[in-house]
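# show me how the following folds:
(one chain, ligands or ions: 2)
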Amino acid sequence: MKDDKIDRRSMLKGTMALGAAASMAQFAMPALAQGETLVPFSDMPEDYSRGPALPGGTHFQDTRQISDFYSANEDFYVVQHYGQPQVDVNNFRLKVTGLVDNEREFSLADLQGMSQTSIDAGFECGGNRGPGLFQGLIGNANWRGVSLKTVLDLCGVKPEGEEIVFFGADVGSELIRETDVEQAFARSLSVEDAMRDENMLALEMNGEPLPLFHGKPLRLLVPGYYGVSNVKWLSQIHVQDRRFMSRFMGRDYVTLKKEVVGGQERWVENSVTKIQLKSAITRVTSMGGTHKISGFVLNDGTPLRSVEVKIDNGQWQRAELDPRATQYSWKLFNMDWNASSGDHTMVSRVTDINGNVQVTMDEMPEKISRWENYAQFPRTITI
Ligand SMILES: Nc1nc2c(c(=O)[nH]1)N[C@H]1C(S)=C(S)[C@@H](COP(=O)(O)O)O[C@H]1N2
Ligand SMILES: [Mo]
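Ligands and ions are numbered 1, 2, ... in the order given. Modelled structure (predicted):
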């Protein structure tokens, strides 16, 4: 990850200008080539639409509309658990506190004046799923900002610092043991995880200042992690000598599944962190008698070996990966299909370079909780 300076930036802006025009039209109708039509899935209501993002609300993408590598900022999904805070951008300060050599405050101008980096990163909500949501809590964007490590090194994390806490400006009321407690949205990382080169304090999304719903003016970006890690409206970074606990690190976004622990079967709870290996089919189009199946892959950044599609009881067939994919972006895929008329079932699976294969629903570990739904997601369609 390098400072990409003017060239790539102006290039990106050019693409975004075109992309913005295309995505306006796409809002009503997906970007299709001339003569190409969208084929409805029989498992999904044809008029499926959850509307645009509203202050404090959740916005789901209609994943049939995904045709661009970058999600337009207004299409990118939105989750805001404590509503929409209004941050005064002019008086904004990012505070860095706790076990550091120098506690510091950074204004937006301070951060903008530092060396900028950019990265493509796609992510999904840890609660994203096929049934009902059709994988709509998902998006992919180019992010630009300051390396988190640079800011931490400027402040100097003390050797006794173990955990770094990221607080948002949004506050909610939590009922804990019959008491209402006001808490800010917060997540944490170990010092080691926080120091990864790719972590960013993002100021821009797809060449624009961060939009209101996506954390204006500053958010944490932890590429390869589920969306919940990417703290929006970031206002404070605090270094402490012990594990941080909060709703979003300890009570919520916690997967409960059965695992064998040293030979003993146990129910294990873990906080949602790295994105599990996952693919899904989101779109089928038809043009001049041939069909095209498309979808996405997300994972923690481990390189992939293959994405395959199976139709009905046929063989697994290799799909083609979008060459624009980068380590932490989503990876879109396509496969041409010679469809016969009738009812069909289709499913995708991804395999990474280490030979890990995306599991079927039946192969998923026994799991209680709605988080981390990475099983293969079969779709049905009538041609
Ligand atoms: N401050 C703050 N950050 C937050 C959240 C939030 O409610 N408040 N939601 C988290 C969750 S659960 C997700 S999935 C992502 C969604 O990011 P997006 O709305 O930009 O897509 O933001 C994360 N960061
Ligand atoms: Mo989420």
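# got the contact list for whatever residue of the stretch 101-250 of the chain ends up closest to ligand 2?
Residue nearest to ligand 2 within the stretch 101-250 of the chain: Cys125 (3.3 Å; Cβ to the ion). For every residue, glycine as well, the C-beta is placed using N, CA and C. Neighbour list for Cys125: Tyr77, Val79, Leu137, Ile138, Tyr226, Gly227, Val228 [criterion: Cβ atoms under 8 Å, 6 or more residues apart in numbering].
# gap between it and Val79?
Separation of Cys125 from Val79 (Cβ to Cβ, to the nearest Å): 5 Å.
# coming back round to it: now, which of the contacts of Cys125 sits nearest Lys310?
Closest approach between the contacts of Cys125 and Lys310, by Cβ to Cβ: Ile138, at 22.1 Å.
# sorry, back to before: so what's the residue count around the residue lying closest to the residue of the stretch 101-250 of the chain closest to ligand 2 once chain neighbours are set aside?
Ranked by Cβ to Cβ, 6 or more residues apart in numbering and with sequence neighbours excluded, the top spatial neighbour of Cys125 is Leu137, at 3.7 Å. Using other Cβ atoms under 10 Å as the criterion, Leu137 is surrounded by 23 other residues.
# Leu137 against Asn128, yeah?
Yes: Leu137 is within contact range of Asn128, at 4.0 Å (criterion: Cβ atoms under 8 Å).
# the residue lying closest to Gly98 once chain neighbours are set aside pairs with what?
Closest residue to Gly98 apart from its sequence neighbours, by Cβ to Cβ, 6+ apart: Val239 at 4.0 Å. Beta-bridge partners for Val239, by DSSP bridges, are Gly98, Ile164.
# quick one: contacts for Val239?
Contacts of Val239 (Cβ under 8 Å, 6+ apart): Val96, Thr97, Gly98, Leu99, Val100, Val157, Lys158, Gly161, Glu163, Ile164, Val165, Val191.
# list the contacts for the second one?
Right, Thr97. Glu103, Gln236, Ile237, His238, Val239.
# Lys292 and Phe333 touch, don't they?
No: the pair Lys292 / Phe333 is not scored as a contact, 10.6 Å apart, by Cβ under 8 Å.
# which non-adjacent residue is nearest the residue nearest the centre of the chain?
Nearest to the mean C-alpha position of the chain, by Cα atoms, centre = their mean, lies Phe123 at 1.4 Å. Closest residue in space to Phe123, ignoring its immediate chain neighbours: Gly227 at 4.8 Å, by Cβ to Cβ, 6+ apart.
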